[in-house]
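1. predicted model follows, preceded by the sequence.
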Amino acid sequence: MLPKFLKPYQINNSNLIRIGPKRDGGYVIDKRIIKKTYNLVTCGLNDDWEFEKEFLKKNINCNLYAYDHTINNRFWIKRFKKDIIHLLLFKKLRWWKILDIFKYINYLNFFRKNKIHLQKKIVSKKKKKNQITISKILNKLKNIFLKIDIEGDEYQILNHVKNNSKNLVFLIIEFHEVHKNLKKIEKFLKRLDLKLIHIHANNFDGTNRHNIPKVLELSLLNKRFFLIKNKLTNNRYPIKYLDYKNFKRRNEIKIEFNK
């Protein structure tokens, strides 16, 4: 059961859409912000840019800046070897699994022109050449959609996000180890220029003994761009046809809130 401060604010449900796959990597956003976004900034890319691809199809004039220091030549060589082994061992692979072997070509075709991947690690304070802060990234950009999934390091950069939130149109942020960091999350959401409008529990890590999901995906809308009622939603989460399991082999996590 989650504390009340994590209950989203009410907006018209017809404005909510899902961008990306119906699995891990897909997120719920407010469709009204798509055309208002000039710059899509992704922190944490891995080998999945389906969200970014679909978003940019809906807004072809938007720039993409993706940050992930782990996606380098070493990553692609290791991945290619693994895919070849899978192909040899499991000859009856589904067609999309076979296409995974050509993921690097997909990467090269996608990241060009106004779509840029930078091999830099997101940090709270830059100490090395391959590091960068959120403040440095957002400093000169306007009308930003920020997506953060950096596997637990998000807590180190929350102040940077908060200090630059006035330039954000929308924020997607994935919180890990939620049950251990509820106070940090509450402090972050307090007096923020953005309001929580959707929440989803990533079922990969399950819940703790108090039924608190260990990983949460939050969608936040900037109240300066759109009117947001100060009324909490009556939605039940997950929302049918919007939310889907991150991990198919486990049950979806139903979210309940304290009164």
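-> Sure, I can see it. Residues are numbered from 1 along each chain as shown.

2. so Gln199 touches Pro213, yeah?
-> I think there's a mix-up here, since residue 199 is Ile and not Gln. No - Ile199 is beyond contact range of Pro213, at 9.2 Å (criterion: C-beta atoms under 8 Å). All C-beta atoms are positioned from the backbone trio N, CA, C, and that covers glycine.

3. tell me, what's touching those two both at once?
-> Common contacts of Ile199 and Pro213, defined by C-beta atoms under 8 Å, 6 or more residues apart in numbering, comprise Leu2, Ile255.

4. pull the contacting residues for Lys120.
-> Counting by C-beta under 8 Å, 6+ apart, Lys120 touches Tyr67, His69, Asn130, Gln131, Ile132.

5. distance to Lys35 added to these, as CSV?
-> Output for those, formatted as CSV (distance: C-beta to C-beta, whole Å):
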residue, distance to Lys35
Tyr67, 24
His69, 31
Asn130, 34
Gln131, 33
Ile132, 28
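
6. next step: those restricted to helices.
-> Using DSSP state H, no member of these falls within helices.

7. out of these, who's nearest Asp30?
-> Among the contacts of Lys120, Tyr67 lies closest to Asp30 (C-beta to C-beta), at 23.5 Å.

8. count of neighbours near the closest one?
-> Neighbourhood size, Tyr67 [other C-beta atoms under 10 Å]: 22.

9. do the same with Asp243
-> By the measure other C-beta under 10 Å, the count of residues near Asp243 is 22.

10. and if you look at Lys254?
-> Lys254 has 11 neighbours, counted by other C-beta under 10 Å.

11. list the contacts of it.
-> Arg236, Tyr237, Pro238.

12. name the nearest of those residues relative to Lys36.
-> Nearest to Lys36 among the contacts of Lys254: Tyr237, at 25.6 Å, using C-beta to C-beta.

13. excluding covalently adjacent residues, which one is nearest to that closest one?
-> Nearest residue to Tyr237, sequence neighbours excluded (C-beta to C-beta, 6 or more residues apart in numbering): Ile255, at 4.1 Å.

14. might you report the residue contacts of that neighbour?
-> By C-beta under 8 Å, 6+ apart, the contact set of Ile255 is Leu2, Ile199, His200, Ala201, Pro213, Arg236, Tyr237, Pro238.

15. how far away is the last one from Lys254?
-> This means Pro238. 7 Å (C-beta to C-beta, to the nearest Å).

16. just the third one next, same as before
-> With distances taken as C-beta to C-beta, His200 is found 11 Å from Lys254.

17. just the second one next, same as before
-> For Ile199, the distance to Lys254 under the criterion C-beta to C-beta works out to 12 Å.

18. overlap of the contact sets of the two?
-> Each of Tyr237 lies in contact with both Ile199 and Lys254 under the rule C-beta under 8 Å, 6+ apart.

19. what is the least confident helix or strand in this structure?
-> The weakest-scoring helix or strand in the chain, judged by mean pLDDT, DSSP states H and E, is helix 95-99 (a mean of 54).

20. looking at the contacts of Ile255, which two lie furthest apart in space?
-> The span of those, defined through C-beta to C-beta, is set by Pro213 and Arg236 at 14.7 Å.
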